Structures are given as structure tokens and as C-alpha cells.
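J.: give me a model of this one.
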Amino acid sequence: MHDAAANNAAWCDLVCRAAGLPTTAGADLWWTSRRSPDGYPDAVTLRPGVRADEVLAGIDDSPGASVKDSFADLDLAPHGWSVLFEAQWLVRPAAPPTAADLPWRAVDRGTLPLWLEAHGSAALTPGVLDDPAVRLLLAADDGGPIAVAALNRSGAGAGTVVGVSNVRVLRGEPERVWSEMGLIARRELRAHPLVGYEAGADLVAPLAVGFEPAGPLRVWIR
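T.: Prediction:
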């Protein structure tokens, strides 16, 4: 869970910095002092036991702000916050070197608008593509986009992991898309364990193809 939380915080940090926002990361907490892009938290806890006042001290906690409670142990309700959703961290060993069936390609600045349209979000800016540890993925054929996803590598040595996020399936079976995340991660960012999180019905596909639950998280909203 610690590696997964740190990886997710690294992704949120990149997205915020690419959008021109100031960010701070410590041993206990990552945060941005200005409101984060839509769909991204203003703070992420990096270990259990972080106090609520520590989490809220550095962020703009105006209505709409959100906090990723990585170990589901915060209580922000007394501060006027409510739970937006609960989710599960996911882990999976590195995939063996096999070929993918879907027509995946890494997105560049020219194809980023297509990725954003398929994803249904405008949160990512072209600067995220400058990080060599990041890949935005698009599977598309003559019928248009099939699926999109994002990968980001973090950590060092034996603690290196690749985060899987922003998976959206527009056509076809979600299980097929999730089953190829490890193959594409190995091809693009080398063989490392995968981490990520999903909630509710979106958990079904990754759990069906070998991802395992690693612990709960919670997202709070102001």
C-alpha cells in the first residue's frame, strides 16, 4: 500500500506541476496549496496515522477540494468534509514478455487531444508527456478509440512500481483491456509490479485478470 500511495502521489504531483500548480511532498503527505485539476486530489496521505489538521493545513479547503486518504484512517467529517467514495488499492506482479492483442500506442502531443476526448477529461496538459517515466496509452482502430489508460513509474531498485490509472474502456471487454496493462507496462516502462486502485463495479475487471486487493483507501470532498 505504501508503494501504491507513493506512486499515486507522484502521478498527482506531475499532473499538478504540469498545470502550473505548486506542490509539496514530505514523508507523510503530498499536497498542492492551490486547487488541483478536476478529478485530482489536493492532498494524498503517504502513511497511516497522519492527523487531519496536518492534512488540511496546507491546502485550499474551499468547497470542491478533495483529499485521498490512502489508508482509510482519516476522519475529516468534523471539519465539514464527507466521503466521496471508497476504493481498493490493487497490485499485480510484473507480466511475462508476451504480445498484446489490442492496437496500443503511446500518445504524443499530437494525439493527446484524441486521448483526452476519449477519456472525457481536460485535466492533463501536454507537460505530463515530458516525463520519461510516464506513458499515456491509446488503443484505437478504424472504428475509433477502444480504450485509454495512463502508466507512471516510481520508486527505485526493488521498490520500483508502475501505476495504472485513468483506464477507460469505450468498446469491447474491460477484462481484455486490463489483462494487457501488464504487457504494455513491460514494453513501455520495463518489467515492474503494477499498482493502482479502483472502486465499485470498476474493480471487477482488474480482479478477474490477476490484480489483487492490497487495502482500502477513501476520498474525501469538501
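J.: domains in the protein, by residue range?
T.: Per automatic domain parsing, the domain ranges recorded for the chain read 2-88, 91-213.
J.: L189 and A133 touch, don't they?
T.: Yes. Assessed by CB atoms under 8 Å, L189 is found in contact with A133 at 6.9 Å. C-beta coordinates here come from the backbone N, C-alpha and C atoms, glycine included.
J.: mutual contacts of the two, please.
T.: R153 (CB atoms under 8 Å, 6 or more residues apart in numbering).
J.: counting neighbours, go ahead and name the busier of the two.
T.: Counting neighbours by other CB atoms under 10 Å for L189 and for A133 shows that L189 has the greater number, 19 against 16.
J.: let's see the pLDDT reported for the more buried one.
T.: Note on L189: pLDDT of 95.
J.: can you tell me how far P193 is from P126?
T.: Distance of P193 to P126, given as CB to CB, to the nearest Å: 29 Å.
J.: what is the neighbour count of D131?
T.: 15.
J.: quick one: which helix or strand includes the residue nearest to it when sequence neighbours are not counted?
T.: Of all residues not flanking D131 in the chain, L14 sits nearest, at 5.8 Å (CB to CB, 6 or more residues apart in numbering). For L14, the host element (DSSP states H and E) is helix 2-18.
J.: what helices or strands is that helix leaning on?
T.: Applying 3 or more CB pairs under 8 Å, 6 or more residues apart in numbering; DSSP states H and E, we find helix 2-18 packed against strand 23-25, strand 29-32, strand 43-45, strand 66-69, strand 82-92, strand 144-154, strand 161-169, strand 194-198.
J.: need the contact list for the residue most central in space within the chain.
T.: Taking CA atoms, centre = their mean, the centroid of the chain lies closest to S165, which sits 3.9 Å from it. Applying CB under 8 Å, 6+ apart to S165 gives the contacts 8, 11, 149-152, 196.
J.: cool, and S33?
T.: 22, 24, 58-60.
J.: which of the residues you listed lies closest to D202?
T.: If you rank these by distance to D202 using CB to CB, I59 comes first, at 26.5 Å.
J.: just the element for the closest one, please.
T.: If you go by DSSP H and E, I59 is not part of any helix or strand.
J.: tell me the pLDDT of it.
T.: Reading off the model, I59 has pLDDT 97.
J.: just give me the neighbour total for it.
T.: Neighbourhood size, I59 [other CB under 10 Å]: 22.
J.: OK, contacts around it?
T.: Applying CB under 8 Å, 6+ apart to I59 gives the contacts 31-33, 42-43, 65, 67.
J.: re the thing from before, would you turn the helices and strands packed on helix 2-18 into CSV with mean pLDDT and distance to I221?
T.: Shown next, in CSV, are those (pLDDT from 0 to 100; distance: least, CB to CB, whole Å):
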stretch, mean pLDDT, distance to I221
strand 23-25, 96, 20
strand 29-32, 98, 15
strand 43-45, 98, 12
strand 66-69, 98, 5
strand 82-92, 98, 4
strand 144-154, 97, 22
strand 161-169, 98, 19
strand 194-198, 98, 16
